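Undergrad: Any chance you could fold what I've pasted below:
(chains A and B)
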Protein chains: 2
Amino acid sequence: MSVLVVGSTALDSIKTPYCEHTRLLGGSASHAAVAASFFAPVKLVGIVGDDFPKRYVQLYRKHGIGLEGLQITPGKTFHWAGEYEMNMNNRRTLTTELGVFETFTPNLPEAYRQTPFVLLANIAPALQHHVLDQMRRPKFVVADTMDLWLNIALNDLMKLLRRVDAFVLNDSEAHQLTKEDNVFAALQKIHKLGPKYVIIKKGSHGSILSGPNGFFLAPAYPLHRVVDPTGAGDTFAGAMIGYLAHARGGLDANLRRAITYGSVVASFCCEGFGLIGTTKITRRTIEQRVKELEKLVRF
Amino acid sequence: MSVLVVGSTALDSIKTPYCEHTRLLGGSASHAAVAASFFAPVKLVGIVGDDFPKRYVQLYRKHGIGLEGLQITPGKTFHWAGEYEMNMNNRRTLTTELGVFETFTPNLPEAYRQTPFVLLANIAPALQHHVLDQMRRPKFVVADTMDLWLNIALNDLMKLLRRVDAFVLNDSEAHQLTKEDNVFAALQKIHKLGPKYVIIKKGSHGSILSGPNGFFLAPAYPLHRVVDPTGAGDTFAGAMIGYLAHARGGLDANLRRAITYGSVVASFCCEGFGLIGTTKITRRTIEQRVKELEKLVRF
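TA: Residues are numbered from 1 along each chain as shown, chains lettered A, B, ... in the order given. Below is the predicted model of the structure:
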């Protein structure tokens, strides 16, 4: 089955202590769509300006991503610039130029409205609502978010949580949302806000799935060096929903494996700038790391 | 086979945002010895003053812990007082009264010198060396440490690392020792200092075993509330070596399970002040949580 991915499509300029790259393909929808494309047909909804490099359109196409919902309008593509500290965890934003993204309304092509799996990648909760308003009985809806929306659009986000099947956030966002230091206590509170499934990402410490059948403690794939973590969370969510759309069988077991695939594809993402790490891989290299993870947690 | 545990034996006064307890049984050797006692016969080597409550001697005895090496001398028992912040991770020391511990020399009873499994629980590396000097060809030696020794006795610790089979430390100590932000890069550096096996504890994020057969990513048992984490690391190391001493079969597989048992017994430790959580359990309740952990990581 196919996946609809709605989110930001951007150009990222990223600086780390080792290296710098400008105007790489980025944005939550780009990372998530490419990650999902290894498992299932993907339809992308986003907006770019007329400065958007043709090679990035080709990159989407190479991954078989449907672009009927990619709006190309006069103006500049959303541009984000950020810098990472030595530990690769702390980052600061240097520039945010919204460009055409400022007026983005994610109107779905008619053919997209019946897509069974929907990833509301990180964008303003009001836009995530707008997408859901257009959908016809999707099978499974996953929402991602970021600290910004907890700060400036909490009400919209709270309403969204009542409309989605699964909510993905990181540990510091979970703390911000619930004021709980303990991640399991935070999970309990987040379920009460609506989502049946909650996934808390803990970066190199792995992630936790919480659902009606209890917890799943998912490992992160061991990386000796992180080149650029930008987009790793989007990649995680994208690979996760892509795997879900592709898998047969029970949702609970599928979700555990989907999260494991999310971890693995996110590990490749961290090994290169922007989408460089993710676009190098194949289904075969993904399967190898999943098998390695199986061995790494066995006792 | 039996386990020798050498470390501190203390009275702990612990304050958390919720509660306060004074003069509880504590110290690295107390926590480790009780934890190991669920799996194997334990011999304790430590020192206490003549103020040491009889009920604590009885507690050791109840767990079948050999006390021939527990020196009871005129003076005061080592007393530590500390306070935890709301998140239960940051703690500050309020009082350290060394008492008789200041003059502690861990002289081993003759019968203890052939013990096959040795845990050098957290004490000064010079004392850990002194214990090893007296041992006759132990089968497996594990050393634990703390940030204090990295600060004031690094040379002694470096020499110790060449004499032990396994070294247990937490992630911030690993960072302090190697200057590496990445835990897997830190593990590589620590192996070069001597130990064949290195275990890095990450608190609620679990732990990582690194050895000749690669990594094992060990989960922490999910706790919704931590009452008091004091001694959790000592408990982890104690249960780990206790399980190893008890298990038959290959060392690598045994170590993976030993670390899982370490995690589980440490989780019980965190559920009560001092040794209250750990002393409530039985081998059966331990096995239940190990089985739960197996389900929690399966995918």
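Undergrad: need the residues of the stretch 101-250 of chain A near chain B, please.
TA: A:181-185, A:188, A:202, A:204-206, A:208, A:214-219, A:222-226 (C-beta under 8 Å from any C-beta of the partner chain). From N, CA and C alone the C-beta is placed, and that goes for glycine too.
Undergrad: Give the buried residues for stretch A:291-299.
TA: A:293, A:296-297, A:299 (16 or more other C-beta atoms under 10 Å in any protein chain shown).
Undergrad: got it, and stretch A:232-249?
TA: Quick answer for stretch A:232-249 (16+ other C-beta under 10 Å): A:232-247.
Undergrad: Could I have the CA atoms of that stretch written out in PDB?
TA: In PDB, the C-alpha atoms belonging to stretch A:232-249 read as follows (Å, rounded to 0.1, in the frame of the first residue of the first chain):
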ATOM      1  CA  ALA A 232      17.400  11.600  11.200                       C
ATOM      2  CA  GLY A 233      14.100  12.000  13.000                       C
ATOM      3  CA  ASP A 234      12.200  12.600   9.800                       C
ATOM      4  CA  THR A 235      14.000   9.600   8.200                       C
ATOM      5  CA  PHE A 236      13.000   7.400  11.200                       C
ATOM      6  CA  ALA A 237       9.300   8.300  10.800                       C
ATOM      7  CA  GLY A 238       9.500   7.900   7.000                       C
ATOM      8  CA  ALA A 239      11.100   4.500   7.100                       C
ATOM      9  CA  MET A 240       8.700   3.400   9.800                       C
ATOM     10  CA  ILE A 241       5.500   4.300   7.900                       C
ATOM     11  CA  GLY A 242       7.000   3.000   4.700                       C
ATOM     12  CA  TYR A 243       7.600  -0.400   6.300                       C
ATOM     13  CA  LEU A 244       4.100  -0.400   7.800                       C
ATOM     14  CA  ALA A 245       2.500   0.300   4.500                       C
ATOM     15  CA  HIS A 246       4.500  -2.600   3.000                       C
ATOM     16  CA  ALA A 247       4.200  -5.200   5.700                       C
ATOM     17  CA  ARG A 248       1.400  -7.800   6.100                       C
ATOM     18  CA  GLY A 249       0.200  -9.200   9.400                       C
END
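Undergrad: That stretch: how far from the chain's middle?
TA: 9 Å (C-alpha atoms, centre = their mean, to the nearest Å).
Undergrad: picking up where we left off before, now, which of the buried residues of stretch A:291-299 sits nearest B:P41?
TA: A:F299 (24.4 Å; C-beta to C-beta).
Undergrad: pLDDT-wise, which helix or strand of chain A ranks last?
TA: The helix or strand of chain A with the poorest confidence is strand A:91-97; it has a mean of 93 (mean pLDDT, DSSP states H and E).
Undergrad: what residues does it touch?
TA: Applying C-beta atoms under 8 Å, 6 or more residues apart in numbering or on different chains, the contact partners of strand A:91-97 are A:13, A:15, A:76, A:78-85, A:230.
Undergrad: Among those, which one sits closest to B:V57?
TA: For the contacts of strand A:91-97, the nearest to B:V57 is A:E85 (51.1 Å; C-beta to C-beta).
Undergrad: circling back to that earlier point, for the least confident helix or strand of chain A, buried residues please.
TA: A:R91.
Undergrad: Adjacent strands (with direction) for that strand?
TA: Strand pairing for strand A:91-97, determined by DSSP bridges: strand A:79-84 (antiparallel).
Undergrad: so the one residue sitting closest to the centre of chain A, which of the three states?
TA: Centroid check for chain A by C-alpha atoms, centre = their mean gives A:D234 as the closest residue, at 2.1 Å. Under the three-state scheme (DSSP: H, G, I helix; E, B strand; the rest coil), A:D234 adopts helix.
Undergrad: same question, the one 10 residues further on
TA: When states are read from three-state DSSP, the local structure at A:L244 comes out as helix.
Undergrad: What separation is there between it and chain B?
TA: Counting by C-beta to the nearest C-beta, to the nearest Å, the separation of A:L244 from chain B is 13 Å.
Undergrad: my guess is that residue meets A:P116, correct?
TA: No - assessed by C-beta atoms under 8 Å, A:L244 is found out of contact with A:P116, at 9.7 Å.
Undergrad: intersection of neighbour lists for these two?
TA: With C-beta under 8 Å, 6+ apart as the test, A:L244 and A:P116 both reach A:F140.
Undergrad: can you count the residues close to A:N213?
TA: 15 (other C-beta atoms under 10 Å in any protein chain shown).
Undergrad: Look up phi and psi at it.
TA: Backbone geometry at A:N213, expressed as degrees, to the nearest 10, gives phi -100, psi 20.
Undergrad: go on, A:G46?
TA: phi -170, psi -170.
Undergrad: That one against A:G26, yeah?
TA: No - contact between A:G46 and A:G26 fails when scored by C-beta under 8 Å: they sit 11.4 Å apart.
Undergrad: Strands along the stretch 1-150 of chain A, start to end?
TA: For the stretch 1-150 of chain A, the strands defined by DSSP state E, counting those that start in this stretch occupy A:3-6, A:10-15, A:20-26, A:42-49, A:66-73, A:79-84, A:91-97, A:117-120, A:140-144.
Undergrad: on that earlier part again, does the residue nearest to the centre of chain A touch A:H31 like I think?
TA: Yes - A:D234 is in contact with A:H31 according to C-beta under 8 Å; the separation is 3.7 Å.
Undergrad: which residues are in contact with both of the two?
TA: With C-beta under 8 Å, 6+ apart as the test, A:D234 and A:H31 both reach A:A121.
Undergrad: ok, back up a step: out of the contacts of strand A:91-97, which are buried?
TA: A:13, A:15, A:76, A:78-82, A:84, A:230.
Undergrad: Widest-spaced pair of these?
TA: A:K76 and A:Y84 (24.3 Å).
Undergrad: hmm, back to that, take the contacts of strand A:91-97 and lay them out in CSV including pLDDT.
TA: Below are the contacts of strand A:91-97 laid out as CSV (pLDDT from 0 to 100):
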residue, pLDDT
A:S13, 97
A:K15, 94
A:K76, 98
A:F78, 98
A:H79, 97
A:W80, 96
A:A81, 96
A:G82, 95
A:E83, 95
A:Y84, 93
A:E85, 88
A:T230, 96
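Undergrad: That concludes my questions; thank you for your assistance.
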